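Colleague: got a predicted structure plus its sequence, pasted below:
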Amino acid sequence: MEKEGYRELLTQLAHTEDLSQEELALLLACEDEEITAELFTLADEKRRKYAGDAVHLRGLIEFSNYCRKNCLYCGLRRDNRSLPRYRMSIEEIYTVGEKIARLGVKTIVLQSGEDLSYDARSIASLLHRLKKLGVAITLSIGERTKEEYALWREAGADRYLLKQETFDEQLFRKLHPDDDHSHRLACQKILAELGYQVGSGNMVGLPGQTIEAIALDIKSFQRWNFDMIGIGPFIPHPDTPLGNFAPDRKKQYLLTLKTLALTRILTRDTHLPATTALGTLVSGGREKGLQCGANVLMPNFTPLAYRSHYTIYPGKICLQEEWGKCVACMSMMLKELGRSVAQDHGHRERKKAPAEE
């Protein structure tokens with residue numbers, strides 16, 4: 001396609017905030033630097049229009065790295081025997097949450113592998129206590145039952161992040177040998193029906209992933225009307241079956257940014273983080289993500305004793321950063337970008353139910 005053809009697509013995108021899957025694939029595959037820069041500018045304009053200039057900080061506690069699943073890409077996978085495992089106690093988690101709230105961070109994110117050793121009522125009790133701190137709470141602990149989701153929602157959980165990683169069913173099956181594509185989506189639907197703000201996301205640069213599959217992800221994000229979407233690059237972990245895969249990092253970086261930008265435009269006011277993985281792949285990646293549609297940062301408040309063992313992927317930035325210092329660091333980053341830290345909880349009004357697949 002000639003440059004003018006791409007510009008026509010960008011003009012259409014600017015006016016309709018929508019493209020077909022095939023048209024999205026054309027823009028994702030476009031290597032013209034001017035067109036890419038214009039796409040990023042458009043995404044930044046739409047972010048400002050729909051999400052504003054304030055950036056939401058969501059404080060992350062990675063409270064367990066045990067996982068019952070065996071996903072091919074993840075360093076926490078069940079069969080990774082070289083990983084030192086840990087579990088934080090409920091009291092440890094609460095103590096960290098209390099410190100996060102005192103720092104003025106408005107959301108606490110409780111994340112772990114799929115670790116069933118934490119029973120539903122213990123988690124519910126923790127949620128009750130954390131809510132008294134005046135924070136919003138996001139859970140990211142995997143596939144559980146409708147009854148457990150309902151209990152946690154009643155206990156005060158506001159959001160639930162359950163990333164799909166890919167909406168390409170064939171690729172999903174290859175990456176998740178002990179998971180089911182349809183069941184995961186069914187969990188998303190249950191979460192929305194229970195009143196959660198629901199999160200999903202994908203990885204860019206997976207082995208066997210096509211441009212068309214990424215375009216499908218973006219259209220799926222739009223159809224499902226997710227409240228938050230995490231988009232990051234796939235970074236191979238040496239202790240996984242995909243450890244020897246070596247993606248072209250420059251191409252992967254730009255493709256991740258284009259995926260982020262197009263997702264912003266098609267989903268309008270959805271919360272999109274500038275992921276830590278993006279900053280790990282390329283220095284300054286999070287800052288660039290904030291200029292391509294992102295409006296969320298996730299400072300890591302996992303205690304230092306555990307942080308280096310939560311290795312979904314290797315080389316994660318800020319692993320040795322002194323606890324709590326990331327808030328000041330991120331505030332400075334935002335100031336340099338002409339942005340500010342949001343002072344509200346960052347709730348998104350759900351305008352419609354998620355679409356059926």
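Modeller: Okay, I see it.

Colleague: double-check that Tyr253 belongs to a helix.
Modeller: Yes: assigned with DSSP: H, G, I helix; E, B strand; the rest coil, Tyr253 falls within a helix.

Colleague: would you mark the buried spots in the longest strand seen in the chain?
Modeller: Longest strand in the chain, counting residues (DSSP state E): strand 54-64. Within strand 54-64, the residues that count as buried by 16 or more other CB atoms under 10 Å are Val55, His56, Leu57, Arg58, Gly59, Leu60, Ile61, Glu62, Phe63, Ser64. Using the backbone N, CA and C atoms, a C-beta is placed for each residue, glycine as well.

Colleague: can you pull out the helices in this structure?
Modeller: For the chain, helices defined by DSSP state H occupy the ranges 3-16, 21-29, 33-51, 90-102, 120-131, 146-155, 169-175, 181-193, 211-224, 249-267, 276-281, 285-290, 304-307, 325-336.

Colleague: just want the most central residue of this protein.
Modeller: Centroid-nearest residue in the chain: Gly230, 2.2 Å away (criterion: CA atoms, centre = their mean).

Colleague: need the contact list for the spatially closest residue to it that is not a sequence neighbour.
Modeller: Counting by CB to CB, 6 or more residues apart in numbering, Gly230 lies nearest to Gly201, which is 3.3 Å off, once chain neighbours are set aside. Counting by CB atoms under 8 Å, 6 or more residues apart in numbering, Gly201 touches Leu161, Lys163, Gln164, Glu165, Ile229, Gly230, Ile231, Gly232.

Colleague: count of neighbours near Glu323?
Modeller: Let me fix one detail, which is that residue 323 is Trp and not Glu. 13 (other CB atoms under 10 Å).

Colleague: got a list of what it touches?
Modeller: Phe301, Pro303, Leu304.

Colleague: most neighbours among those, which one?
Modeller: Highest count within those by other CB under 10 Å belongs to Phe301, 22 neighbours.

Colleague: that one contacts Gly324, correct?
Modeller: Yes: using CB atoms under 8 Å, Phe301 is in contact with Gly324, at 7.1 Å.

Colleague: so which of the contacts of Gly201 sit within strands?
Modeller: Leu161, Ile229, Gly230, Ile231, Gly232.

Colleague: ok, the residues you listed vs Ala186, which is closest?
Modeller: Leu161 (16.3 Å; CB to CB).

Colleague: residues contacting that closest one?
Modeller: Val109, Gln111, Thr138, Leu139, Ser140, Gly199, Ser200, Gly201, Met228, Gly230.

Colleague: so what pLDDT did the last one get?
Modeller: The reference is to Gly230. Listed pLDDT for Gly230 reads 98.

Colleague: on that earlier part again, overlap of the contact sets of Phe301 and Gly324?
Modeller: Common neighbours of Phe301 and Gly324 (CB under 8 Å, 6+ apart) are Lys99.

Colleague: rewinding a little: can I assume the residue nearest to the centre of the chain is in contact with Pro273?
Modeller: Yes: applying CB under 8 Å, one finds Gly230 in contact with Pro273, separated by 5.6 Å.

Colleague: leaving out sequence neighbours, find the closest residue to Lys146.
Modeller: Ile190 (5.1 Å).

Colleague: could you verify my assumption that that neighbour touches Tyr149?
Modeller: Yes: at 6.0 Å, Ile190 counts as touching Tyr149 under the criterion of CB under 8 Å.

Colleague: ok, these two, which is more surrounded?
Modeller: Set side by side, Ile190 and Tyr149 show more neighbours around Tyr149, with 22 against 17, by other CB under 10 Å.

Colleague: I figured that one hits Tyr160, correct?
Modeller: Yes: counting by CB under 8 Å, Tyr149 does reach Tyr160; the two are 7.1 Å apart.
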